[in-house]
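Q: Coordinates only, no sequence provided:
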Ligand code: CP
Ligand code: NVA
């Protein structure tokens, strides 16, 4: 059987994504009821390469491996030969001969693509400048737990056309929903992704118009990791794209609010919204653990 990687949501079929979602829910339930999963990944190792900071991703993958009976290793470029210029191709060949799966958080998406090409083990994208598919597994599970199937719903993405926005575009295609994107001029998502998505995705310039009638409102930081220098310059341009009570008032009365976190209260979202009754951000964060367990089992053929 050929190796499966998870670099974007497009690496799975919609049916497989639904299976992963249902398994994530079942694993969450099993952990609550029994307190363990019977060690399905005993003696298996996940190598985790982090070239950017992380709280949720590191915790969730490391704890997922422990709870599945396996082991996770944290590798920072500062302490590995990757940081001293060992080629990605060589690192991939070496690491994948020992580890059973490899998780990478890095800058260029081409890094995970190259790594996957030379890897003998499944490679998981744990965030690149272009995509963050693991977050979408958690978001879609969270939606399902609160509201059922995502099919036919309307999601408003308000803010930067960044890695999370790109993964929402892929999600619109894979989970079959409509996506309204509101972003400032010059901060649009990739044109090729918009083109692929066709009429499933609508690009707008007004936050309230995007939120109109939405079932789910989502945002993210205005300056992503690696864009810290642009933070100040972005503030003014992004302020009209803040998710606040007025924006939420345009969505359906039972609309949910999500944010992958970390959040900046008073910037992309007000405290009133993120700490309010429509926000499901803590379930969303917790579901990283359950959804990624399902992903690991899927990729490792369990
Ligand atoms: N949402 C997310 O990926 O969080 P971390 O950056 O803390 O991993
Ligand atoms: N867009 C953000 C997501 C963080 C989880 C970033 O890339 O920094």
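A: Noted; the coordinates are in hand. Note that the coordinates shown come from a computational prediction; the quantities given were computed from them, not determined experimentally. Ligands and ions are numbered 1, 2, ... in the order given.
Q: Just name whatever secondary elements the host helix or strand of residue 156 is in contact with.
A: Using DSSP states H and E, residue 156 sits within strand 154-158. Using 3 or more CB pairs under 8 Å, 6 or more residues apart in numbering; DSSP states H and E as the contact test, the elements touching strand 154-158 are helix 163-175, strand 178-182, helix 207-211, strand 216-219. Quick note: C-beta positions are derived from backbone N, CA and C, even for glycine.
Q: Can you tell me the number of residues neighbouring residue 8?
A: Neighbours of residue 8 under the rule other CB atoms under 10 Å: 22.
Q: before we move on, the earlier item: partner strands of the strand holding residue 156, parallel or antiparallel?
A: strand 178-182 (parallel), strand 216-219 (parallel) (DSSP bridges).
Q: Next, the angle helix 163-175 makes with it.
A: Angle between the axes of strand 154-158 and helix 163-175 is 170 degrees (criterion: axes from the mean of the first three to the mean of the last three CA atoms, to 10 degrees).
Q: Pull out the buried positions in stretch 180-191.
A: 180-184, 187, 189 (16 or more other CB atoms under 10 Å).
Q: And the contacts of it?
A: 130, 154-162, 165-166, 168-169, 194, 201-207, 209-212, 214, 234, 237-238, 240-241 (CB atoms under 8 Å, 6 or more residues apart in numbering).
Q: Show me which residues of the chain are close to ligand 2?
A: 127, 162-164, 220-221, 224-225, 260 (CB under 6 Å from any ligand atom).
Q: can you pull the contacts of residue 270?
A: 242-245 are the contacts of residue 270 under CB under 8 Å, 6+ apart.
Q: Would you agree residue 117 falls within a strand?
A: No. Residue 117 is assigned helix when assessed by DSSP: H, G, I helix; E, B strand; the rest coil, not a strand.
Q: which is the next helix or strand following the longest helix along the chain?
A: Longest helix in the chain, counting residues (DSSP state H): helix 14-34. Note on helix 14-34: by DSSP H and E, the next helix or strand toward the C-terminus is strand 45-50.
Q: Sheet partners, orientation included, of that next one?
A: Short version: by DSSP bridges, strand 45-50 pairs with strand 71-75 (parallel), strand 101-105 (parallel).
Q: May I see those arranged in CSV, with mean neighbour count and distance to residue 123 as well?
A: Shown next, in CSV, are the strands paired with strand 45-50 (neighbours: other CB atoms under 10 Å; distance: least, CB to CB, whole Å):
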stretch, mean neighbour count, distance to residue 123
strand 71-75, 18, 13
strand 101-105, 27, 5
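Q: Burial check on residue 277, number of neighbours?
A: So residue 277, with other CB under 10 Å, has 8 neighbours.
Q: Any figure for the gap between it and residue 138?
A: 20 Å (CB to CB, to the nearest Å).
Q: Check residue 122 too.
A: In terms of CB to CB, residue 122 sits 19 Å off from residue 138.
Q: what does residue 92 give?
A: 26 Å.
Q: Find the residue at the geometric middle of this protein.
A: residue 135 (2.1 Å; CA atoms, centre = their mean).
Q: My read is that residue 131 contacts residue 166, right?
A: Yes. Residue 131 is within contact range of residue 166, at 5.4 Å (criterion: CB atoms under 8 Å).
Q: So for the nearest residue to residue 240 once chain neighbours are set aside, what's the pLDDT?
A: Distance criterion CB to CB, 6 or more residues apart in numbering; nearest residue to residue 240, sequence neighbours excluded, is residue 207 at 6.5 Å. For residue 207, the pLDDT comes out at 98.
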